[in-house]
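Enquirer: Below are the sequence and a predicted model; questions follow.
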Amino acid sequence: MTTFHAPPLAASVMTEYYRQYLAVAVFVGAALVMVGAMLGVGALLRPKRPQPEKYITYESGSDPFGTFGQQNVRYYVYALLFVIFDVETVFVFPWAVNADHSGLGWFGFGEIAVFVLILVAGLGYLWRKGLLSWA
């Protein structure tokens, strides 16, 4: 009966593989300890003065009244518009960073121009419908 022995090179590669995971685990542990320490020190040092006014529900600049505090739907429309245009910025940013090095040339410029024109058309539509007026 013969036994299989792995070459020593494979054993050193495997230990290096697990050593990389150990480094990540150490950093995650250190991050958790630091966050816990900062929250603990903050809890010990901050003043504790409970006041009833601090615990009142407060949203969108108006105090709630009654049992069900209704909010104007405009606040949600503004939040959705912000999310939409913010996500579009996420799509434009990588193109702007790599515009010189992407190698797309005029094709890439045309594509981003069409993208921005669609955004501007959407913004114009919202403005014309009056969804951008706060009051």
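Expert: Noted; the coordinates are in hand. In this text the structure is predicted, and so the values were computed from the model without any measurement.

Enquirer: Helices of this structure, start to end?
Expert: Counting by DSSP state H, the chain has helices at residues 8-45, 73-97, 105-129.

Enquirer: what's the average pLDDT for the first one?
Expert: Rounded to a whole number, the mean pLDDT of helix 8-45 is 86.

Enquirer: repeat for stretch 82-92
Expert: If you average the pLDDT values across stretch 82-92, you get 82.

Enquirer: Which residues does that stretch contact?
Expert: 112, 115-116, 119, 123 (CB atoms under 8 Å, 6 or more residues apart in numbering). Using the backbone N, CA and C atoms, a C-beta is placed for each residue, glycine as well.

Enquirer: on that earlier part again, and the helices of the chain: which comes nearest Y55?
Expert: Y55 lies closest, by CB to CB, to one member of the helices of the chain: helix 8-45, at 18.0 Å.

Enquirer: count of neighbours near E111?
Expert: 12 (other CB atoms under 10 Å).

Enquirer: how much space between it and F85?
Expert: 19 Å (CB to CB, to the nearest Å).

Enquirer: cool, and Q20?
Expert: Look at Q20 and F85: by CB to CB, they are 40 Å apart.

Enquirer: So if I had to pick from the two, which one is more boxed in?
Expert: F85 (13 against 9).

Enquirer: and A43, how many neighbours?
Expert: For A43, using other CB under 10 Å, the count is 9.

Enquirer: And A23, by the same measure?
Expert: 10.

Enquirer: A99 now?
Expert: 12.

Enquirer: mind checking how far the nearest residue to it once chain neighbours are set aside is from D86?
Expert: Among residues not flanking A99 along the chain, G108 sits closest, at 7.2 Å (CB to CB, 6 or more residues apart in numbering). Here the criterion is CB to CB. By it, G108 lies 22 Å from D86.
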